[in-house]
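A.B. asks: give me the fold of what follows.
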Amino acid sequence: MKILLISPTQSGIGGIAQHIQGLTKFLEKKEYCVEITSSENTFTIPIKGLKNPSFMISSFLKTKFNKDYDIVHAHNIASALAMKNIKGKKILSIHGIFSNQINHLHGKTLASISSKYEKNALKWADAITVISKEAFDYYTNLGYNVFQVPNAIDISSLETNVDKRYSKQIIFAGRLSHEKGIDSLISISQKLTDDIHLIILGAGPEEEKINDLVKNHKNIHFFGYKNKNQTISLIRGSDILIHPSLHEGISSTILEGMACKTAIIASDVGGNKELIENNLNGITINPHNIDSFVEQIINLFDNEKLRQLLINNALKTVEKYNWNKIGNLYLDVYRSVLD
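C.D. replies: The predicted structure follows:
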């Protein structure tokens, strides 16, 4: 089977990039022929609001000259135009509900325009995959051929070193943007007691807000972007991972936190509600309920028994999301469109 993966990105620690890395490794291990078209091997404009549109155009032009494939597997709507261009059975993977993402990032006007393009893109695909039940229900109700294939994690490849800087250490790791709940993160951090240290990892458009925050708080530490191994070491060294996203699919960061034996406190949105059973393998809270986030952080430091219960149950949860299982779900989708 000859497979082309199309993605806006294939490197770094972002969710889609990690997904592409894991899927490629799985498919190559199965001895399938895999090629990738991404921003790393096409022209893009690295400016907010222009990167994805420029990738759409450049990937479309590049794939004009591609040979036929058995499977053309595009990730995210930005990859759909290139997918349409190529002969082969077409799979479109959407890592969230696209119109909701655009609304959070760019507002209702652009979301309305983008939804019209999305409708065309969905029609070009022989099958659609989504990572959460929320998205599965949404796109199924629109009448499309949809499969739920969640994010996955390769636990065996995770860095084993532990980087613990403070006796009470909590961490946020992710894109510093509005939809990731950065405003809530800032409000939470300002209410922490001085003995609880928050490490913030990542980069993005809200970075200036974080820089301003750390100037006035000795217990808040912004480390910027770290590579995958450094990030995992710091997650392993943290007692709690907080994840206050405004919307979310099946979060790779939460899966990594579970695998690293770090207790999870996350927003009760999207795929978080599928991953986390409240007070069983993590804690879920309304992303705007700042006081509850702070109360639960303090509670988990005071209640070691509860924190260990969450960690132990989370380890059982994350085992369900290994790449062998999730990769085979993708192969089932491939076979379904080839039959």
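A.B. asks: please parse the protein into its domains.
C.D. replies: 2-152+322-338, 155-320 (automatic domain parsing).
A.B. asks: count the residues that sit near the nearest residue to Gly270 once chain neighbours are set aside.
C.D. replies: Distances taken as C-beta to C-beta, 6 or more residues apart in numbering place Glu248 nearest to Gly270, at 4.4 Å, with adjacent residues excluded. Where you see a C-beta, it was placed from the backbone N, CA and C, and this is true even at glycine. By other C-beta atoms under 10 Å, the residues close to Glu248 number 31.
A.B. asks: contacting residues around the helix or strand that contains Lys84?
C.D. replies: Element membership for Lys84 (DSSP states H and E) is helix 80-85. With contact meaning C-beta atoms under 8 Å, 6 or more residues apart in numbering, helix 80-85 is reached by 6, 37, 56-57, 59-60, 62-64, 66, 72, 74, 90, 92, 121, 124-125.
A.B. asks: now those: which count as buried?
C.D. replies: Burial by neighbour count, judged by 16 or more other C-beta atoms under 10 Å, picks out 6, 37, 56, 59-60, 62-63, 66, 72, 74, 90, 92, 121, 125 from those.
A.B. asks: picking that back up, what separates the helix holding Lys84 from the chain centre, distance-wise?
C.D. replies: Computed by C-alpha atoms, centre = their mean, to the nearest Å, the chain-centroid distance of helix 80-85 equals 23 Å.
A.B. asks: what mean pLDDT does that helix have?
C.D. replies: The pLDDT scores in helix 80-85 average 92.
A.B. asks: surely Ser245 meets Ala266?
C.D. replies: Yes: contact criterion C-beta atoms under 8 Å: Ser245 and Ala266 qualify, at 7.4 Å.
A.B. asks: shared neighbours of these two, anything?
C.D. replies: 251, 272.
A.B. asks: where along this structure do the helices fall?
C.D. replies: 15-29, 51-63, 80-85, 98-106, 108-124, 133-141, 182-189, 207-215, 228-236, 252-259, 272-275, 290-302, 304-318, 323-338 (DSSP state H).
A.B. asks: give me the number of residues near Asn279?
C.D. replies: Around Asn279 there are 13 residues (other C-beta under 10 Å).
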